[in-house]
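> What follows is a predicted structure for the sequence shown.
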Amino acid sequence: MFRGRGDQLQERFDCLVQAGLDYNVVSSFIKQAPMVLNQTKDVIEKKIARLTNLGCSIDSLVAFPSYLCYDMERINLRFRMYIWLREKGAAKPKLSLSTILACSDVRFIKYFVDVHPEGPAMWESLRNTPASS
């Protein structure tokens with residue numbers, strides 16, 4: 001289930017603890033989503049930074065540790081769309097990470113793109129514009 005040497009896995013685990021998560025919490029969510037430790041330390045740090053830049057608490061990883069397994073392109077694109085919808089008043093102000101990331105592309109488009117008349121055009125624009133972070 002794990003890729004990497006023991007010292008690399010420990011470094012990745014420690015990175016999560018140093019980010020502010022309790023040791024026991026990290027242990028339990030690694031049991032839930034062991035593939036989290038397959039991410040490099042740098043990638044874990046970038047994803048945590050993105051999470052906090054989105055205004056989410058590090059504790060939101062407790063409910064959805066698989067967030068760390070999604071690629072940055074998906075995270076950035078979906079959250080940029082969600083934030084745009086929120087600014088337009090077309091999305092709830094606080095949705096869980098799993099609601100935004102875990103659904104299929106078809107479902108995401110149905111529930112997050114097509115809910116606003118300008119949504120499809122904005123989605124295409126976001127998909128064709130490189131993310132700034």
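It's in.
> most centrally placed residue in the chain?
Nearest residue to the geometric centre of the chain (C-alpha atoms, centre = their mean): Y67, 4.2 Å.
> Hmm, that residue is touching L101, no?
Yes - under the criterion of C-beta atoms under 8 Å, Y67 is in contact with L101, at a separation of 6.4 Å. (Glycine included, C-beta is placed from N, CA and C.)
> and for the two, which residues touch both?
Residues touching both Y67 and L101 (C-beta atoms under 8 Å, 6 or more residues apart in numbering): I75.
> remind me which residues of the chain are low pLDDT?
In the predicted model of the chain, residues 1, 3, 131-133 satisfy pLDDT under 70.
> From the recorded domain assignment, give the ranges for it.
Residue ranges for the domains of the chain, per automatic domain parsing: 6-69, 72-127.
> re earlier: measure the residue nearest to the centre of the chain to N128 for me?
25 Å (C-beta to C-beta, to the nearest Å).
> got it, and V115?
On the measure of C-beta to C-beta, V115 and N128 end up 21 Å apart.
> More neighbours: those two, which one.
For V115 and N128, the more surrounded residue by other C-beta atoms under 10 Å is V115, and the numbers stand at 13 against 7.
> How about the contacts made by the more buried one?
For V115, the contacting residues are L85, A90, A91, by C-beta under 8 Å, 6+ apart.
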